[in-house]
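Novice: one predicted model, sequence on top.
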Amino acid sequence: MAIKDIPEYAHLSEDDVAAIARELDQIRTDIEADRGERDARYLRNTVRLQRGLELGGRALIFGSGKRSMWWAGAGALGVAKIIENMELGHNVMHGQWDWMNDPEVHSTSWEWDNAGPSAHWKHQHNFVHHKYTNVLGMDDDVGYGLLRVTRDQRWRPFYLGNIAWNTLLALGFEYGVAAQHLELAKKRTTEEEKLELKKNLNVVGRKIGKQAAKDYVVYPALVGAATRSRRGFRKALTANLLANVIRNVWTNAVIFCGHFPDGAEKFTRRDMAVENQGEWYLRQMLGSANFRSGPTLAFMSGNLSYQIEHHIFPDLPSNRLAEISVRVQAICAEYDLPYTTGSFPVQYAKTWRTIAKLSLPNKYLKATSDDAPETASELRFKSDPEQRLVAQVDPRTGRRRGLKSAMVRLRERRRGVPSAVDSQRGFAA
């Protein structure tokens, strides 16, 4: 069961939620006031690096008489495509750099190296996903219409292929991005809806054709003509194919680590009915997950290792998310909220574990839908469905006891660890 009442689930009062909103608003104000030349320099250097890697990769492929050069060329081109999609395309199209008023890196003009048209992606991602993050039935990123990633999704025999479907999705992720906006499973009954679909299919078809022509026809043909060999054509074609697969698999992994590890909660439509800004912030904090990263891993993930911070502030420059995370973690500590993070391999492994488990019907799964590791409900803390959960102050430490403490205590009780905390403190399951 997805969370039905966010403030109650988090043991927060309306005043608490409002206070959190004020603190997060202040972070935005501080960062916006401090944006300047060092941020612009970061972006310009990233553009130079990406273009240099792409040029170098294509040059290595061009002269790939040796297998090692072919691998080096494909790898460099794959990294260039990752940077273009993750640290440039994704973040530029979020409007993170619009304050520079540079048409080259403006959200309205960037067309990325991807099979999905930028205009489609901006609607599906910036509006639908970021507004309705993890809301069942509204956010298509919950399973991408292909995977079962929460027990709140009704099981169908199709989901027996969960692992196979995700493998295919990872290998061709850019085509999943291209298809998402089309909503092919949606029934269209009116003539206007059918015409809209036809229009969108044409747009997607043209973009896919343009990408395929560049990677699999034009450049391989140039290499084949220059080397006067079919072998040169084939080497360039396969190197471009490998570069795209590298980009697709990496992008899929980073995005899944931000949304499907244990602790990234799901929500119901009821949450959206009267949601204020503070509750929206709280939903982003509870519905997203980070992974620990140094500067290199953060850069290669488009700084989406700070997915929580990105979801709170999707239009603030990505190079500022690391410093923002320090302040967000302090807020989580103050209000005893969980800050979901872990190592990249562990977070990614958890997403695959969830995908594997949920390929099966619920009757074969151990945890209940109220207390599953991949998503849960407030009922896991209650002995009575009508019970009101409220934050307490620990008399020994003077610290707030809220959602994070409740989760820790729940795990301790399952392990049989005795505690002085009892049901009258508001945390009994």
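Specialist: Nice, I can see it. Residues are numbered from 1 along each chain as shown.

Novice: and residue 72, how many neighbours?
Specialist: The number of residues packed near residue 72 is 17, by other CB atoms under 10 Å. Just so you know, the C-beta spots here come from the backbone N, C-alpha and C atoms, and that holds for glycine as well.

Novice: quick one: what helix or strand has it in it?
Specialist: Secondary structure from DSSP states H and E places residue 72 in helix 67-83.

Novice: buried sites along that helix?
Specialist: Residues 69-70, 72-83 are the ones in helix 67-83 that count as buried (16 or more other CB atoms under 10 Å).

Novice: what do you get for stretch 125-142?
Specialist: For stretch 125-142, a neighbour-count test (16+ other CB under 10 Å) marks 125-126, 128-130, 132-136, 138-142 as buried.

Novice: now, those residues that are in helices?
Specialist: residue 130 (DSSP state H).

Novice: circling back to that earlier point, which residues does the helix holding residue 72 contact?
Specialist: With CB atoms under 8 Å, 6 or more residues apart in numbering as the test, helix 67-83 has contacts from 46, 49-51, 53-54, 56-64, 113, 235, 238-240, 242-247, 250-251, 299-300.

Novice: output the buried residues of helix 67-83 as CSV; include the columns pLDDT and distance to residue 197.
Specialist: Below are the buried residues of helix 67-83 laid out as CSV (pLDDT from 0 to 100; distance: CB to CB, whole Å):
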residue, pLDDT, distance to residue 197
69, 91, 45
70, 94, 41
72, 95, 43
73, 95, 39
74, 96, 36
75, 97, 38
76, 97, 39
77, 97, 34
78, 98, 33
79, 98, 36
80, 98, 34
81, 98, 29
82, 98, 31
83, 98, 33
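
Novice: and of those, the nearest to residue 256?
Specialist: Of all these, residue 256 sits closest to residue 82, with 15.1 Å by CB to CB.

Novice: isn't residue 155 up against residue 364?
Specialist: No: taking contacts as CB atoms under 8 Å, residue 155 lies outside contact range of residue 364: 9.7 Å.

Novice: pLDDT wise, what is residue 101 at?
Specialist: pLDDT for residue 101: 96.

Novice: can you list the buried residues in stretch 264-279?
Specialist: Going by neighbour count (16+ other CB under 10 Å), the buried part of stretch 264-279 is 264, 265, 266, 267, 268, 271, 275, 278, 279.

Novice: what about the helix or strand immediately after the helix holding residue 72 in the chain, distance to the chain center?
Specialist: Once helix 67-83 ends, the next helix or strand along the chain (criterion: DSSP H and E) is helix 91-93. Distance of helix 91-93 from its chain centroid, counting by CA atoms, centre = their mean, to the nearest Å, is 14 Å.

Novice: any buried residues in stretch 160-172, and which?
Specialist: Quick answer for stretch 160-172 (16+ other CB under 10 Å): 162, 165, 166, 169, 170, 172.

Novice: ugh, wrong one, stretch 279-296
Specialist: 279-291, 293.

Novice: the residues you listed in helices, which ones?
Specialist: Per DSSP H, the subset of the buried residues of stretch 279-296 in helices is 279, 280, 281, 282, 283, 284, 285, 286, 287.

Novice: nearest to residue 95 among those?
Specialist: Nearest to residue 95 among those is residue 284, at 16.9 Å by CB to CB.

Novice: please report how far the residue positioned nearest the centre of the chain lies from residue 242.
Specialist: Residue closest to the average C-alpha location in the chain (CA atoms, centre = their mean): residue 255, at 3.7 Å. Counting by CB to CB, to the nearest Å, the gap from residue 255 to residue 242 is 21 Å.

Novice: ditto for residue 382
Specialist: From residue 382 to residue 242 the distance is 52 Å (CB to CB).

Novice: output the lowest mean pLDDT helix or strand found in the chain.
Specialist: helix 270-273 (a mean of 72; mean pLDDT, DSSP states H and E).

Novice: need the buried residues of stretch 264-279 in JSON lines with distance to residue 185, can you?
Specialist: Output for those, formatted as JSON lines (distance: CB to CB, whole Å):
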{"residue": "264", "distance to residue 185": "24"}
{"residue": "265", "distance to residue 185": "25"}
{"residue": "266", "distance to residue 185": "20"}
{"residue": "267", "distance to residue 185": "22"}
{"residue": "268", "distance to residue 185": "21"}
{"residue": "271", "distance to residue 185": "24"}
{"residue": "275", "distance to residue 185": "27"}
{"residue": "278", "distance to residue 185": "34"}
{"residue": "279", "distance to residue 185": "30"}
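
Novice: among those, show me the least confident.
Specialist: Lowest confidence among those: residue 271, with 66.

Novice: buried stuff in the longest helix seen in the chain?
Specialist: With secondary structure taken from DSSP H, the chain has its longest helix at helix 230-259. Within helix 230-259, the residues scored as buried using 16+ other CB under 10 Å are 232-233, 235-237, 239-240, 242-259.

Novice: quick revisit: format the buried residues of stretch 279-296 as a markdown table; extra columns: distance to residue 374.
Specialist: Listed next are the buried residues of stretch 279-296 as a markdown table, based on distance: CB to CB, whole Å:
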| residue | distance to residue 374 |
| --- | --- |
| 279 | 22 |
| 280 | 22 |
| 281 | 22 |
| 282 | 19 |
| 283 | 17 |
| 284 | 18 |
| 285 | 17 |
| 286 | 13 |
| 287 | 12 |
| 288 | 14 |
| 289 | 11 |
| 290 | 16 |
| 291 | 16 |
| 293 | 22 |
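
Novice: let me know the closest of the residues you listed to residue 318.
Specialist: Distance to residue 318 across the buried residues of stretch 279-296 (CB to CB) is lowest for residue 293, with 12.3 Å.

Novice: so what's that closest one up against?
Specialist: With CB under 8 Å, 6+ apart, residue 293 has these contacts: 301, 305, 344.

Novice: got a winner among those for most neighbours?
Specialist: Highest count within the contacts of residue 293 by other CB under 10 Å belongs to residue 305, 27 neighbours.
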